Each structure stands twice: as structure tokens, then as C-alpha cells.
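In: Structural data only, the sequence is not supplied:
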């Protein structure tokens, strides 16, 4: 694929990985396991990856299928057609605790399987409610995934697990003593190391696992059973969702008390960083039905119409020389929302108009509401989860702010570029891998109000220079952040995992 400008930097250093050891004409079978998958259930970027990466992998010849919990809002959605492929399967977590389990297949372009029982996930009637407290339901889900596909008769070459909710799948593949999984490799993707899933040692009894596994080299971390650590120890290969984040988590600052393990995995050649992509069809301003006007790099005029419509929708009066700055984010300190609140008055004085869409920390939300009361001509704070509005914001804004404390990859900046909206970001994680000062965005280093305001001032200066700004927007619209390159990297990652699995080495 042709790559423009900064995209050439993203392709650097991607050679040298092993390829899949598949025979001629043999399609390697990969099972994705995720708690959220777009378009069926979406809370954050994990769903986007679990929904779009399998499609890209299938396009290059892999037989990829997806397993997820049977949430009520999916099972009761009349738009979906289901086929029950496993019914009344007794999944025993231990000799005295079992659950009746079923698996249904959804008619979708990527084969997707819902795994359900009579208790957990049945109350989730919207995406925002899919994550339940506790860990028992994820222990059951991890066991049920393996048992259902055994019963179904489809044993993959690679099981690819995502985030801590699926952390015990690699453990059970190795410790359940079921020969059917011995030659299947496991890959675990860390989407955010800050969320690890920590519970008491009773987890071992619930899964009928020996207490000898409760040690610092396997399942124990600081007096808890850590789901994410368990996956990293037992998986054949581990990856993060950007190259820079893979380096950052080996340091005490970003390693969330697991930096030693991450450094060990890297030294052993078992940790890699693969940049996330976005679905080029889902996020395409030239044909997106959710935005007021369509546009492209060759015909960018529709973006002005989207901007005009967004101002009207938000109740903003047009202001000469004032860019529309936007945030679509979880309200958290990780996302730098505290920094944005402190910097906001200086941003308004540039001048600028700001729209913030998101939910999260109650105190941050309260501060945004008070700030809006103080600056009604400059700020609109919309406290809700709204996918449709998010698209209109991406399309209608001039600048997209991501002042993150840390960012494993970030999809917001990629979507913003796709819609010709220029990011202002802090140089960390995937933001450092995708946004380059003065080329496709504006970057600051230090986590400080002055550094954020300085980057915003440089962006504002570019915005007021019409010819410069038109070219930046046009280059952004030409950006290629699809999955084509990263899908090949995942193919190589699977090859490395299979090589380790089929030629075992000492890992512990």
C-alpha cells in the first residue's frame, strides 16, 4: 500500500519476525477471545480492535473467529440471526461447581460466537453495563470458551486473548491437562496495563488448580492472583498495542508494578509492540452516513459543512479565528482531563471553542460542568456515551486534544486524522508512534499546563494560516492507518507463538 508522510515512519523497524509455519494451502486457525467486540458490544478501543483486526486477518488468508460473552442486548437484538452450535454443555469449574453453557453463532462477516449461561452477562442490556464487578464470571468464561470449542470440534492453531478478563484462558490451556490444547499456541494482548484483574487466592480453588501455582513466578502478585500477569506468564507471546508502549511498560513509571516481568518477557523475545489500526470502512468520511456531509482529500469541501453543522448543534456562535477543539474520551486522569481543565481558560483566550464528550470520573465531570457555567461561549460538556455524536465531532472539529498521562495506543488520534482533524497530543505510547510535530499534529513532552498550552498555541498559529492549514488537513485525510501493515505483524506474531509452542522452551 502507498503510504504518505508520517506513515512511512510507522513502517520502520517492522522486518525480521518469523512467518507462520503453515503448509501450502493451509489456513492457520485463530480464535479471538474478548469481553467486548464491535459492533455488538463496545466500551472502548478494545472493541474496535476485536471487531476490525479479525476482518483484516481474514483478508490475508487466516481463518479467524471470535468468541465473546452472550450479553442480553446482543441476544435480544432482532437485527441479529443466531444458530445454536453447542447446547446444554455442563462446564465444571471444579468438582462441586458447574454451569449449564451454550454457544451460538451470529451471522456476521467474521464468524462470531456468543458463549452464555443462566446467570452471568444476562443483565447487560447496553454496552456501558457489560463489565461486572468480581472475577467469577470471567473464570467461567475462560473455561467455557475452551470447553465449547472442544464440543464444537473446532480447535484453533492459536488462541488470541485480550486484556485481563481473558487472562486465565492461557493458564487453563496449560494446566487443565487436556491434551487437545497442547499444540495450540496462545497470544495475549495488553490493551492497558493499568487494569490487571486482581483477586484473592481462592481463585485457585474455584478452578481446581493446585496451590503450588500461587507463587511469584506464576500466578501470585503482591498477595493477589493477578489475571493479567497470569496471562503474560503462560502465553507463548505477549504484545502491546504500540511499539513505544512496549518499551514504556518495562520502566517503573509505566509498568504498574509489573515492569520486571515485562522486561523479562522482552529479554526472552516474548514481548512485542504492534500498532493498532482502525477500520478504514467504518471510519471513512467519504461515505460515512453519520456525518452531515461527506468529503475526502480530493474533495474536502464537505468538512466545512460538518463544521458549520457542529457549531449549530452545539449552540456555538461562529467566532473568527477560533478553532473548534474537541475531546472524545473517558473522563480520567490517565486521559489528562485534569490537565485540560486547568489549561482551558488559556485555550479559550487564544481564542478557541471546546467540546468535550465523555463519561467517567464524577469529580472531573463536576469540574467540567462548572467550567461550562463559567465559560458558556467557549465550552460544551456532554456527559454521555454517544457513538453517533462522536462521529459528528470528529468530522466537524479542527483540532483533537489528547493530553494523556499514558496512552497504550489511542484510536482517537487515528480517527481524527481520518476525518481531517489535527491532533494535539502528549508524546507517550501510541501517540508518540503516530503523531509528529508540525507534520500531522502538534506534540508536547512534559505533563504540564504550560506544555499543553504551548502545543495548542502552535496549532492555533497554523490554523490561522489558511494555506498551511489546508495542506495539513489534506495530508491528514490521506493518512493510512488501516490494518494492512499491522495484520502482517500479527501474522508473524502467531508464527513466533507457534514456533515456541511446537518447539517448547523453558519459560519459567
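Out: Here it is on my side, so go on. What you are looking at is a predicted structure, and each value in this text was computed from that prediction instead of being measured. Numbers count the residues shown, from 1 in each chain.
In: From here on, just use CA atoms for contacts and neighbour counts.
Out: Fine.
In: Can you show me the strands along the stretch 351-500 of the chain?
Out: For the stretch 351-500 of the chain, the strands defined by DSSP state E, counting those that start in this stretch occupy 353-357, 379-382, 399-402, 422-426, 442-444.
In: Tell me the buried residues in the second one?
Out: Along strand 379-382, the positions that meet the burial threshold by neighbour count (16 or more other Cα atoms under 10 Å) are 379-382.
In: got CSV for the residues you listed, with distance to residue 353 and pLDDT too?
Out: Converted to CSV, the buried residues of strand 379-382 look like this (distance: Cα to Cα, whole Å; pLDDT from 0 to 100):
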residue, distance to residue 353, pLDDT
379, 6, 98
380, 8, 98
381, 11, 98
382, 14, 98
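In: Just give me the closest of those residues to residue 239.
Out: For those, the minimum distance to residue 239 (Cα to Cα) is 34.3 Å, reached by residue 382.
In: Output the buried residues of strand 379-382 as CSV; include the columns distance to residue 121.
Out: CSV is the format used below for these (distance: Cα to Cα, whole Å):
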residue, distance to residue 121
379, 38
380, 35
381, 31
382, 28
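In: what's the closest of those residues to residue 111?
Out: Among those, and counting by Cα to Cα, the member closest to residue 111 is residue 382, at 35.7 Å.
In: Who does that closest one form a beta bridge with?
Out: residue 357 (DSSP bridges).
In: Please name the nearest non-neighbouring residue to residue 446.
Out: Using Cα to Cα, 6 or more residues apart in numbering and skipping residues adjacent in sequence, the residue nearest residue 446 is residue 426, 7.6 Å away.
In: and residue 453, how many neighbours?
Out: Number of residues near residue 453 (other Cα atoms under 10 Å) recorded here: 22.
In: any idea how far residue 324 is from it?
Out: Using Cα to Cα, to the nearest Å, residue 453 is found at 15 Å from residue 324.
In: Repeat that for residue 140.
Out: With distances taken as Cα to Cα, residue 140 is found 47 Å from residue 324.
In: Equivalent analysis for residue 315, please.
Out: Distance, residue 315 to residue 324, using Cα to Cα: 13 Å.
In: who has more neighbours, those two?
Out: For the pair residue 315 and residue 324, the greater number of neighbours falls to residue 324 (25 against 12), based on other Cα under 10 Å.
In: dump the residue contacts of the closest residue to residue 93 other than its chain neighbours.
Out: Spatial nearest neighbour of residue 93, excluding adjacent residues (Cα to Cα, 6+ apart): residue 207 at 5.0 Å. Residues near residue 207 by Cα atoms under 8 Å, 6 or more residues apart in numbering: 93-94, 139.
In: Pick the one among the residues you listed closest to residue 375.
Out: residue 139 (48.0 Å).
In: Three-state assignment for that closest one, please.
Out: The three-state assignment at residue 139 reads helix, by DSSP: H, G, I helix; E, B strand; the rest coil.
In: where does the protein have low pLDDT?
Out: Within the chain, the stretches with pLDDT under 70 are 1-26, 504-508.
In: What is the longest strand of it by residue count?
Out: Longest strand in the chain by number of residues (criterion: DSSP state E): strand 82-94.
In: From residue 372, how far out is residue 366?
Out: 10 Å.
In: Of those two, which one has the most company?
Out: More neighbours surround residue 372 than the other of residue 366 and residue 372, with 17 against 11 (other Cα under 10 Å).
In: Contact partners for the residue lying closest to that one once chain neighbours are set aside?
Out: Distances taken as Cα to Cα, 6+ apart place residue 379 nearest to residue 372, at 5.3 Å, with adjacent residues excluded. Shown in contact with residue 379 (Cα under 8 Å, 6+ apart): 353-356, 371-372.
In: Of all pairs in those residues, which one is the farthest apart?
Out: By the measure Cα to Cα, the contacts of residue 379 have their two most distant members at 353 and 371, which lie 12.8 Å apart.
In: Those two - which one has more neighbours?
Out: Between residue 353 and residue 371, counted using other Cα under 10 Å, the more crowded position is residue 353 (26 against 19).
In: Quick check: bridge partners of the more buried one?
Out: Per DSSP bridges, residues listed as beta-bridge partners of residue 353: residue 324.
In: I figured it hits residue 378, correct?
Out: Yes. Residue 353 lies in contact with residue 378 (Cα atoms under 8 Å); the separation is 4.6 Å.
In: which residues touch the nearest residue to residue 270 once chain neighbours are set aside?
Out: Closest residue to residue 270 apart from its sequence neighbours, by Cα to Cα, 6+ apart: residue 237 at 4.9 Å. The contact partners of residue 237, taken as Cα under 8 Å, 6+ apart, are 186-188, 270-271, 493, 496-497.
In: is residue 237 in a bridge, and if so with what?
Out: Beta-bridge partners for residue 237, by DSSP bridges, are residue 187.
In: how close does it sit to residue 185?
Out: Residue 237 is 8 Å from residue 185, by Cα to Cα.
In: overlap in contacts of these two?
Out: With Cα under 8 Å, 6+ apart as the test, residue 237 and residue 185 both reach residue 497.
In: all helices of the stretch 51-200 of the chain, in order?
Out: Ranges of helices in the stretch 51-200 of the chain, per DSSP state H, counting those that start in this stretch, are 72-75, 136-152, 168-175.
In: And the stretch 351-500 of the chain, by the same measure?
Out: 362-374, 387-396, 412-418, 429-434, 449-463, 466-477, 484-502.
In: Show me what counts as buried in the longest one.
Out: By neighbour count on 16+ other Cα under 10 Å, the buried set for helix 484-502 is 484-501.
In: can you check the second one too?
Out: By neighbour count with 16+ other Cα under 10 Å, helix 387-396 contains the buried residues 389-396.
In: between it and strand 353-357, how many degrees?
Out: Here helix 387-396 runs at 150 degrees with respect to strand 353-357, directions being taken by axes from the mean of the first three to the mean of the last three Cα atoms, to 10 degrees.
In: contacts for helix 387-396?
Out: Contact partners of helix 387-396, identified using Cα under 8 Å, 6+ apart, comprise 285, 290-292, 303-310, 324, 326, 328, 357, 400, 415-416, 419-421.
In: Can you say which of these are buried?
Out: Members of those classed as buried by 16+ other Cα under 10 Å are 285, 291-292, 303-310, 324, 326, 328, 357, 400, 415-416, 419-421.
In: hang on, the earlier thing: let me know the closest of the buried residues of helix 387-396 to residue 63.
Out: residue 391 (31.2 Å).
In: Not counting its neighbours along the chain, what's nearest residue 481?
Out: residue 277 (5.4 Å).
In: The one you found falls within a helix, correct?
Out: No. Read with three-state DSSP, residue 277 is coil and lies in no helix.
In: Number the chain from 5, please
Out: Fine by me, first position is 5 from now on; the one you just mentioned is residue 281.
In: check contacts around it.
Out: Contact analysis of residue 281 by Cα under 8 Å, 6+ apart lists 53, 57, 415, 418, 485-487, 490.
In: do that again at 7 Å, thanks
Out: Applying Cα atoms under 7 Å, 6 or more residues apart in numbering to residue 281 gives the contacts 485-487.
In: With residue 188 instead?
Out: The contact partners of residue 188, taken as Cα under 7 Å, 6+ apart, are 160-162.
In: Quickly note the distance from it to residue 172.
Out: Distance of residue 188 to residue 172, given as Cα to Cα: 15 Å.
In: Please apply the same query to residue 348.
Out: 43 Å.
In: Looking at the two, which is more packed in?
Out: Neighbour tally, residue 348 and residue 172, criterion other Cα under 10 Å: the higher count belongs to residue 172, 27 against 21.
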